[in-house]
Every structure is written in structure tokens, then in C-alpha cells.
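Novice: got a structure for you, letters missing:
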DNA sequence: TTGGTGACAGGTTTCAGATTATGTACTCTG
DNA sequence: CAGAGTACATAATCTGAAACCTGTCACCAA
């Protein structure tokens, strides 16, 4: 209709994020996104093939926002791997809890992605597993951790801490004992990871 | 209306179970339960104070049905505690998966109970924790397991295996690698439980 | 040719009005 | 008088027509 600065994917993502926050994932529509940008909803479809793709892209960006904090811990060779693992898991809980609390609408969108296991969710998990694997590999290299297959072990650690990061269980993250419980589980896992290769 | 053998709680529970299986937890009504018993719905209220109480009682009975299998493993002093723990957790997964698969309607009812954490669900968890504690205590007594507080450790083991028993995550129980994954997690946990009391 | 528009088909959601369910009270029977 | 029934108020749920959303189109502007 009129000359505007050309719509780009980033602008659409930001607008979508706002719309999601305002209306929640259930009520947010592509028409709303268009309206927020002063544009028809068909314009949005020039940049994203579907509403699903749009939601995925928004969640991806939202998830990647505090990815670096976590990645920095995973890569921090100053901290001995066992402690690093502990800190990383604690930071993961803190980050997830903050997201769930501060941004419930976007968290709900992310949760939906996980339950229908969309590519964005799968990639997010793969990323986290990779970070875990980094820590474990470092530990195996410097001898502070024992077991052999880092990928399998990373998955086991991730699985054993499901309670603290799976969005479907977010309800429990506000319970008072949760941080302590994570510590106990961490200790148990670390004891296992440090143990000499067992007999059975 | 006519002389019948007097309605008792057990008969109501069985009828409710049938109705739940036929209609699912969302559509099952107290009137249906009455109809199944050839009785008015008000008669049901003579025995149960509310529909919620009735659903809880049904789930309780349904959950207790294979409780003994599990309890038998927990108590089997023939098996060394570490192996016993492994078997118990495997049996728990098998039992839960069977329930989810063979009885989806009642499983859904149970899942609902867990998400609104009703007394029945809480009691069920407490029961399982008690069984875990038995195994751990036995292991600590005979020296095959090391750590100190059995209740706290039981909770940690239960938490670390959330993925394999929480009804909200039942979707993942049919994935092919799940049994192997449980084995890996078990091994990790057992290594931790057997480890000499660690330094950090 | 990329990025935009308005109109539209088909499927889904919504909302008000009608139906059905829950839970209580009082009645009836053995 | 214990236990079942009928009647009923209130809350929840269904239904169907209207509104609305998604995704596509043919067309337009720079």
C-alpha cells in the first residue's frame, strides 16, 4: 500500500513473539502478526511457509537466546569437569525455570513443540546433549570422569535429569526442595561417573 | 425398585471401571455407572461422596492390582540389592507400559490424577518410594550399596528415572531404545550407589 | 523478481441457547 | 433406619450457525 522499510524475517519474528506474549499460543493468529506489522497476513506467508514454521522459528530464536550462557559453562576449562557438570545442570534448571516463569506464553509454545516433537525441539535437545558431551569428554580426557561412550553417557545424564528440564514437568520447578533435589541427583550421577569401571 | 443383592463399594468400583473403559474418563458419567448397575445415580452417592472420590478409588484399585508383583521383587532377599534395584526399575517400566498400552482409558484417568496431584497419586508414589527404600536399605545393610540416607536416595533414584514412570511421559515408552536407555541410566545410578563415599 | 495486496475456499473456533450431569433433599420401602 | 428412589437446583457440556483463521491465488508496485 505504501513505501515502508521492507519486511524481513527478523521483524516478523519479533512481532510474532509480541503477539504470542499478548494472546498466548492458542489465540495468536497470523492475522494478528500482520496487523502488528501494519501488513496483510498474506505478506507473512511470503517469508514463512506456514504458521507452524513461524512458531518454530520464534521458539528457536527464543531458546537460543540464553544458549550462550550455558555453552560458556560447558566450555569453561577453568572449572574441573565434575563441578562443571553440576553447574551446567543447575544453570539449565535456572534458565528453564526463568523462561517458564517470566515468559509463560512462549514457554507454552515451546512445550507444544516438544510434545509434537518438532524439529526445533529436537535440535534444542541435540544442542544440549552436545554441550553435555563436551563436559563429559573433557572429564574423560583429564581423568576426572571414567566412562567410555560420551554420547551415550550424555544422553543418560540428560534422561536422569528429565524432571529438571522437561517442559511438561515445569509445574514442579517452583516446589521449594527442587534445587536440593537436583543437587542430590547430581551427586549420585557424579559418583557414578567418577566410579572406577564397575564389575557388573 | 426391586430386591437386589445390596450394592457394595466393590461392585460400584467394577462398574465404574467398565464405564471408564467404555467411554473414557472425559465422557464417563455417574448416571452411566448407575445404569450399569441397574440403579439410580443417587444410589452411587450413598457410597461415594463425589465423582472425584469415585475416580480416585477406581484408580487406587487399578494401581494396586500389580503392586504385589513389584513389592515381591523389592522384598526378594535372594537377589543382591543392586541387581534387585535394576530388576525392580525394569519391572516398573514394564508394568507402567503395559497399563498404558492395554488400558489407555484408565491410564488417562490416572494421568489426570497425577497432574492435579490427588491423594491417590501421592500415595502411589509414596508406596513406590517405600519399596525403593527397602531395596536400598537392604543394600546398605549388606554393604553392597554405600550411601547414607535411604529415603533421600530413594527419592533421587525415583527422580532420576522419572522418564520411565511418569505418566505424562508415557509417549516415549514405546520408542525402541527405551529399555536399553533404562539399562544405561541404571548402570550409571548403580555405579553411583556403589561408589565409595566421594570426596566432593 | 521480490515483496506486497485483497479476495476466497475450506476447515476450525466461538457463542448463545438447549441439553445433560452433578450433587442435595426429601420420600419411600423393608 | 439403612439404603434405594424421585425431584430439583446449579454447573458443565453439547450443538449448530455465524465468525474467523489458514493457506492460496491472481494481480500489482518498485
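Specialist: Cool, the structure landed. For clarity, every value in this text was computed on a predicted model and none was experimentally measured.

Novice: rest of the way, CA atoms for contacts and neighbours
Specialist: OK.

Novice: Now the element after the helix or strand harbouring residue A:22, going C-ward?
Specialist: Taking DSSP states H and E as the criterion, residue A:22 maps to helix A:9-27. The element immediately downstream of helix A:9-27 (helix or strand, assigned by DSSP H and E) is helix A:30-37.

Novice: Quick check: mean pLDDT of that next one?
Specialist: Averaged over helix A:30-37, pLDDT sits at 96.

Novice: Then stretch A:192-200?
Specialist: 68.

Novice: what number of residues lie near the residue in chain A that chain B sits nearest to?
Specialist: Closest to chain B within chain A is residue A:192: 3.4 Å, counting by Cα to the nearest Cα. Close neighbours of residue A:192, defined as other Cα atoms under 10 Å in any protein chain shown, add up to 26.

Novice: Verify the stated contact: it with residue B:184.
Specialist: No: assessed by Cα atoms under 8 Å, residue A:192 is found out of contact with residue B:184, at 11.3 Å.

Novice: Just name whatever secondary elements the lengthiest helix in chain A is in contact with.
Specialist: Scanning chain A for the longest helix, with DSSP state H as the assignment, gives helix A:119-142. Here helix A:119-142 touches helix A:51-64, helix A:67-75, helix A:81-102, helix A:104-115, helix A:150-160, going by 3 or more Cα pairs under 8 Å, 6 or more residues apart in numbering or on different chains; DSSP states H and E.

Novice: repeat that for 10 Å
Specialist: helix A:51-64, helix A:67-75, helix A:81-102, helix A:104-115, helix A:150-160, helix A:178-194 (3 or more Cα pairs under 10 Å, 6 or more residues apart in numbering or on different chains; DSSP states H and E).

Novice: For residue A:8, report the pLDDT, please.
Specialist: 86.

Novice: list the contacts for residue A:88?
Specialist: Contacts for residue A:88 (Cα atoms under 10 Å, 6 or more residues apart in numbering or on different chains) come out as A:69-74, A:81-82, A:94, A:131-132, A:135.

Novice: got the contact list for residue A:72?
Specialist: A:88, A:131.

Novice: ok, so what distance separates it from residue A:121?
Specialist: Going from residue A:72 to residue A:121 by Cα to Cα, to the nearest Å gives 21 Å.

Novice: before we move on, what about residue A:11?
Specialist: 22 Å.
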